[in-house]
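Enquirer: could you look at this predicted model? Sequence included:
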Amino acid sequence: MKTLIVRGGRPLRGCVSVPGDKSISHRAALLGAVAEGVTRITGFLRGEDCLATLEALRALGVAVDDNGHEVVIHGIDEEGLSTPRGPLCVGNSGTLLRLLAGLVAGYPVEATLDGDASIRRRPMDRIAIPLRSMGARVSGAGDRCLPPVTVRGGDLRPISYTSPVASAQVKSCVFFAGLRCHGVTSVTEPRPSRDHTERMLEGFGAVVERNGLTVSVLGPGKLQGRAVRVPGDISSAAFYLVAGTVVSGSSITVQAVGVNPTRTGFLDILAEMGAPVRQGPIAQEDAEPVADLQSEEGALRGVRIGGDLVPRAIDELPVAALAACFADGPTRIQDAAELRVKESDRIASTARLLASFGVRVEVEDDGLVVYPGRLGPAMVDSGGDHRIAMTGVIAGLAVSGESRIRDTACIATSFPGFVEGLCSLGADVEEADD
Ligand code: S3P
């Protein structure tokens, strides 16, 4: 078990970059796999989640090279995917399981998708329902179709699907399957979710139409392999930006971060809290906007977070809750029941983490209320959730004294280099084996 010993209270100053965006890395590899020709990806996230995507594609018969500089995917185009010899392992990645299920469903192959203990608790009925109505056979355990999930794909028909949840994973799964249908496949969401799939599909040459909360894709989609440059992941940058805000005397710049408006809810939250966060000029890289982001220590206000802001900041809510601990009044996070079905139940795990640092937190069905108070060092366990582990490290840096964050190997799923980046800013974080 990997423990991080965090000695807090030192200011963090300087300039860092973060690894490539996880959502965009998955999509580039998966779409490149079914395109015609070669897709060259630079900035690909070499975290465990996205490396599992490359392995799964290889098992489906896709040629994938990684020379350390770029990931090269040789698209299968008309050849189709092959039935893998054994189960495809998605590791800890719900995104991979859901997107891959949609991709596989379009081909006459059978694949079983499985992962770690956390994956086996995550509901897949949200993709099984639309995929079945398109004609795929999808099975999993119990009513919620828990993994391992077996998908038998083939001749699909297009659907117009109204999703009960705002989920880019569900939307993307349906579109990936829709690429192989004849006709228009559309998804309507209750609130807008991240739109990387739509942007990337257009970049690969597919016809995508947006109409409010409904997005449609015309099948069969003929995709053309291309070069993709993946921007820095704003969900990773969020940890450094909050550190800049809550660690006394800090000023941190994170370079070249993706600032797609469907992902920047977290920046809106910090702005609403009054945090001094600045965004540099926006450059358009491929289909995604990119900018430098800078944060420094400042007085924070308690805020209310809910509605459309929630899907735009869903992965950043644990670390936003940490920022709220340093505000002048309570912060309420609501409309966020989706947090309960992430890598952990993040309403419970965030509350537990903050409580260990001495914060009063009220747990609600769809969110939590954070009451600022005096934080002290803590011994905490991440429960195997990477974003809880990283939030714990940032909390440790913000308080004086020594904190211990246990079970932190999971950070490598999304943010290799997290500790090294902090140390380059002046943090005192040391690794120990328990
Ligand atoms: C993701 C969508 C979000 C997010 C996840 C990545 C994606 O999940 O939490 O980390 O890449 O599509 P949901 O679609 O379940 O909200």
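Expert: Looks like it came in fine.
Enquirer: what sits against G396?
Expert: Neighbouring residues of G396 by Cβ atoms under 8 Å, 6 or more residues apart in numbering: L4, V6, R7, G8, P377, A378, E402, S403, I405, V429. The C-beta positions use only the backbone N, C-alpha and C, and glycine is treated the same way.
Enquirer: what is the nearest of the residues you listed to A227?
Expert: Taking Cβ to Cβ as the measure, A227 lies nearest V429 of the contacts of G396, at 35.8 Å.
Enquirer: reformat the contacts of G396 as CSV; add distance to R157.
Expert: Shown next, in CSV, are the contacts of G396 (distance: Cβ to Cβ, whole Å):
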residue, distance to R157
L4, 50
V6, 53
R7, 59
G8, 57
P377, 58
A378, 53
E402, 60
S403, 54
I405, 49
V429, 53
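Enquirer: of these, closest to the ligand?
Expert: Taking Cβ to the nearest ligand atom as the measure, the ligand lies nearest I405 of the contacts of G396, at 20.7 Å.
Enquirer: for the closest one, give its distance to D155.
Expert: Per Cβ to Cβ, to the nearest Å, I405 is found 50 Å from D155.
Enquirer: who has more neighbours, the two?
Expert: Ranked by neighbour count (other Cβ atoms under 10 Å), I405 and D155 place I405 first, with 28 against 12.
Enquirer: and the more buried one, what helix or strand is that in?
Expert: For I405, the enclosing helix or strand under DSSP states H and E is strand 401-406.
Enquirer: direction included, what does that strand pair against?
Expert: Partners of strand 401-406 in the sheet, by DSSP bridges, are strand 2-8 (antiparallel), strand 379-381 (parallel).
Enquirer: returning to that earlier point: among the contacts of G396, who's most crowded?
Expert: Neighbour counts for the contacts of G396 peak at I405, which has 28 neighbours (criterion: other Cβ under 10 Å).
Enquirer: and it, bridged to which residues?
Expert: Applying DSSP bridges to I405 yields these beta-bridge partners: L4, V380.
Enquirer: tell me which residues touch it, please.
Expert: I405 neighbours (Cβ under 8 Å, 6+ apart): T3, L4, V6, V380, D381, S382, A389, G392, V393, G396.
Enquirer: swap the cut-off to 7 Å and go again
Expert: If a contact means Cβ atoms under 7 Å, 6 or more residues apart in numbering, then I405 has T3, L4, V6, V380, S382, A389, G392, V393, G396 as its contacts.
Enquirer: hmm, the second one is touching G392, no?
Expert: Read that as L4. No: assessed by Cβ atoms under 7 Å, L4 is found out of contact with G392, at 8.1 Å.
Enquirer: CA-only coordinates of the strand holding I405 in CSV, if you can.
Expert: Output of strand 401-406 as CSV, limited to C-alpha atoms (Å, rounded to 0.1, in the frame of the first residue of the first chain):
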residue,chain,number,x,y,z
GLY,A,401,2.0,19.6,10.4
GLU,A,402,2.3,16.1,9.0
SER,A,403,-0.6,14.3,7.3
ARG,A,404,-0.6,10.7,5.9
ILE,A,405,-2.7,9.8,3.0
ARG,A,406,-3.0,6.0,2.5
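Enquirer: pLDDT on that strand, on average?
Expert: Confidence for strand 401-406, expressed as mean pLDDT, is 98.
Enquirer: after it, which helix or strand is next?
Expert: Once the chain leaves strand 401-406, the next helix or strand it forms, by DSSP H and E, is helix 418-424.
Enquirer: and that following helix, what's buried?
Expert: Across helix 418-424, burial judged by 16 or more other Cβ atoms under 10 Å covers F418, V419, G421, L422.
Enquirer: many thanks, we can stop here.
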